[in-house]
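[1] show me the folded form of this:
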Amino acid sequence: MLKKASSGQKLFSAEKFDIRTYTMIAALILMWIGFTYLTSKGFTDMDGSFITSRNISNLVRQMAIVGIMGTGMVLVIVTGGIDLSVGSVMGFVGCIGAALQVWHGMSTTEVIFICLSLGALIGLLEGSLIAYTGVPAFIITLGGMLVFRGGVLGITHGTTVAPLQKSMVYFGQSYLSEVISPVIAVVAIVFLVGSEIVRRKTKEKYNNLNEPLNKMIVRCIVYSALVVATVAILNSYRGIPIPVLIMLVLVIIVTFIAEKTTFGRRVYAIGGNIDAAKYSGINVERNIAFVYALNGLLAAVAGLILAARLNAGTPEAGLNLELDAIAAAVIGGTSMTGGVGKVVGAILGALIMATIDNGMSMMNLDAYWQYIVKGLILGAAVWFDIKTKKGSSKVKVDTDSSNSNGITETNCIGKAKI
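    The predicted structure is shown next:
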């Protein structure tokens with residue numbers, strides 16, 4: 001009975017994530033069509049419209065920073081926490097890097113090492129305070145946001161710190177050549193198809209395969225077509241932006257950590273039921289601290305890329321970007337109640353956020369409309385999450401009613417974990 005309940009729960013979670021993912025993809029496609037229509041005089045003048053290769057290249061480069069931050073935010077929210085300081089930490093680390101190069105003449109390698117270490121240490125400190133003191137994550141990270149926002153102003157003295165060395169600027173402004181980009185596309189397709197095959201064989205091994213082969217083949221074809229189309233569009237301008245390549249590499253690494261390692265399974269267990277995780281022998285405090293350390297590390301990467309893109313450290317660096325990171329994670333399917341979320345979903349959420357900013361800017365709309373639309377989309381995403389959870393509860397209740405012992409499956413599962 002317990003085994004069936006667990007399998008059913010997993011199947012339902014997968015279906016829920018797919019529904020949300022497909023909904024977000026459909027919404028993204030509609031946005032792109034709408035913005036293209038509005039910026040091309042009804043599809044009559046495509047020059048300078050939203051769908052041009054130059055604008056798409058700028059769009060994906062713009063979303064890379066929020067995508068990297070959202071990647072770390074997914075794991076934080078999965079544990080049932082939140083990080084309101086990540087934008088300020090990003091700006092603080094980026095300005096530290098700029099100051100080290102401009103005022104102290106440090107090399108790019110030295111700056112990268114120092115800044116990444118600093119970001120991880122900040123995250124570890126905040127995570128340790130949250131895990132070991134019992135102070136809510138909201139309060140700790142809110143305090144951190146104020147502290148590091150003040151740190152940004154203190155480092156820059158309210159002025160722009162520039163220019164950076166060319167080797168640093170490379171990470172924010174350069175592109176892969178048109179020759180290397182197709183190679184990256186082939187590697188990505190091989191990776192995606194290989195992952196699907198490995199996943200299918202694993203399910204066959206454990207007699208858990210419930211998907212026809214043709215469905216997997218169609219999915220692989222769609223993935224491959226998307227990769228080829230994306231690389232072709234980017235190549236028609238200048239190639240794949242370096243920030244986008246960095247983002248994709250980090251997404252693959254963090255996805256592997258979240259889904260294929262013991263640490264990742266413990267993170268989801270903590271978010272799903274922290275008491276059960278403790279009873280099962282998981283060191284909850286240590287794992288939470290490590291999650292925030294990873295989030296701080298990714299914020300540092302984003303901070304360096306932003307500084308490299310601007311070729312400067314600025315007093316406004318990272319301002320309000322913590323909200324975009326949280327929104328990207330939630331829109332991409334991460335539940336605010338913890339235990340549910342996919343790293344890849346944050347990239348989709350970041351792309352939606354960047355599309356709103358880019359499209360409305362091209363339409364010359366006032367900035368306040370961007371905040372209004374983002375808020376509405378975020379609210380809709382949370383509402384969708386709540387509604388699907390209610391649906392899940394109804395399914396469990398209907399199943400429980402057939403239990404002749406009068407003991408609910410939820411309780412049985414809870415006892416089994418304890």
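[2] quick one: buried residues of the helix or strand hosting residue 72?
    Per DSSP states H and E: residue 72 is located in helix 53-78. Along helix 53-78, the positions that meet the burial threshold by neighbour count (16 or more other C-beta atoms under 10 Å) are 55-57, 59-78. Just so you know, the C-beta spots here come from the backbone N, C-alpha and C atoms, and that holds for glycine as well.
[3] okay, now the unreliable bits of the stretch 1-150 of the chain?
    Scanning the stretch 1-150 of the chain with the threshold set as pLDDT under 70 gives 1-18.
[4] apply 80 and report the result again.
    For the stretch 1-150 of the chain, the stretches with pLDDT under 80 are 1-23.
[5] same question, the stretch 301-418 of the chain
    With pLDDT under 80 as the threshold, the stretch 301-418 of the chain has low-confidence stretches at 381-382, 384-418.
[6] what ranges do the helices span in it?
    Using DSSP state H, counting those that start in this stretch, the helices assigned to the stretch 301-418 of the chain run over residues 321-331, 343-362, 367-400, 409-417.
[7] ok, residue 326 - contacts?
    Listed by C-beta atoms under 8 Å, 6 or more residues apart in numbering, the contact partners of residue 326 are 73, 77, 82, 83.
[8] for those residues, give me CSV that also has distance to residue 180.
    Formatted as CSV, the entries for the contacts of residue 326 read as follows, by distance: C-beta to C-beta, whole Å:
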residue, distance to residue 180
73, 30
77, 35
82, 39
83, 35
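[9] and the residues you listed, which is closest to residue 50?
    Sorting the contacts of residue 326 by distance to residue 50 puts residue 73 at the head of the list, at 27.1 Å, by C-beta to C-beta.
[10] distance of that closest one relative to residue 243?
    Computed as C-beta to C-beta, to the nearest Å, the residue 73 to residue 243 distance reads 18 Å.
[11] which one of the helices of the stretch 301-418 of the chain lies closest to residue 197?
    Nearest of the helices of the stretch 301-418 of the chain to residue 197, taken as C-beta to C-beta: helix 343-362 at 18.2 Å.
[12] and residue 104, helix, strand or coil?
    Under DSSP: H, G, I helix; E, B strand; the rest coil, the three-state class of residue 104 is coil.
[13] from residue 91, how far out is residue 288?
    Taking C-beta to C-beta as the measure, residue 288 and residue 91 are separated by 24 Å.
[14] quick one: which of these two has more around it?
    Summary of the neighbour comparison: residue 288 and residue 91, criterion other C-beta atoms under 10 Å, with residue 91 having more neighbours (31 against 25).
[15] these two touch, right, the more buried one and residue 149?
    Yes: taking C-beta atoms under 8 Å as the definition, residue 91 is a contact partner of residue 149 at 7.4 Å.
[16] quick check: neighbours shared by these two?
    For the pair residue 91 and residue 149, residues contacting each of them under the criterion C-beta under 8 Å, 6+ apart are residue 319.
[17] now stretch 221-240: how far from the chain's centre is it?
    Centroid separation for stretch 221-240 versus its chain: 21 Å, with C-alpha atoms, centre = their mean, to the nearest Å.
[18] and for that stretch, what are the contacting residues?
    Contacts to stretch 221-240, defined as C-beta under 8 Å, 6+ apart, come from residues 53-54, 56-57, 60, 175-178, 180-182, 184-185, 188-189, 192-193, 241.
[19] out of those residues, which are buried?
    Buried residues within those, counting neighbours by 16+ other C-beta under 10 Å: 56-57, 60, 175-176, 181, 184-185, 188-189, 192-193, 241.
[20] between those, which sits nearest residue 120?
    Among the buried ones among the contacts of stretch 221-240, residue 241 lies closest to residue 120 (C-beta to C-beta), at 25.1 Å.
[21] show me what the closest one bridges to in the sheet.
    Beta-bridge pairing of residue 241, defined through DSSP bridges, involves residue 175.
[22] residue contacts, it?
    Taking C-beta under 8 Å, 6+ apart as the contact definition, residue 241 lies against 57, 60, 61, 64, 174, 175, 176, 234.
[23] dump those to JSON lines, plus distance to residue 347.
    Putting the contacts of residue 241 into JSON lines (distance: C-beta to C-beta, whole Å) gives the following:
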{"residue": "57", "distance to residue 347": "16"}
{"residue": "60", "distance to residue 347": "10"}
{"residue": "61", "distance to residue 347": "14"}
{"residue": "64", "distance to residue 347": "9"}
{"residue": "174", "distance to residue 347": "21"}
{"residue": "175", "distance to residue 347": "19"}
{"residue": "176", "distance to residue 347": "18"}
{"residue": "234", "distance to residue 347": "16"}
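[24] name the nearest of those relative to residue 337.
    Distances from those to residue 337 were compared by C-beta to C-beta; the smallest belongs to residue 64, at 28.4 Å.
[25] skipping adjacent residues, who's closest to that closest one in space?
    Closest residue to residue 64 in three dimensions, ignoring its sequence neighbours and counting by C-beta to C-beta, 6 or more residues apart in numbering: residue 243, at 3.9 Å.
[26] tell me, how many neighbours does the one you found end up with?
    Neighbourhood size, residue 243 [other C-beta under 10 Å]: 27.
[27] check contacts around it.
    Listed by C-beta under 8 Å, 6+ apart, the contact set of residue 243 reads 61, 64, 65, 171, 172, 305, 309.
[28] quick check, residue 237 in a strand?
    No: remark: residue 237 does not belong to a strand; assigned using three-state DSSP, it is coil.
[29] gap between it and residue 52?
    8 Å.
[30] what do you get for residue 35?
    Distance, residue 35 to residue 52, by C-beta to C-beta: 11 Å.
[31] more crowded one of the two?
    The residue with more neighbours, out of residue 35 and residue 52, is residue 35; 21 against 18, by other C-beta under 10 Å.
[32] residue contacts, that one?
    Applying C-beta under 8 Å, 6+ apart, the residues contacting residue 35 are 50, 355, 358, 359, 362, 363.
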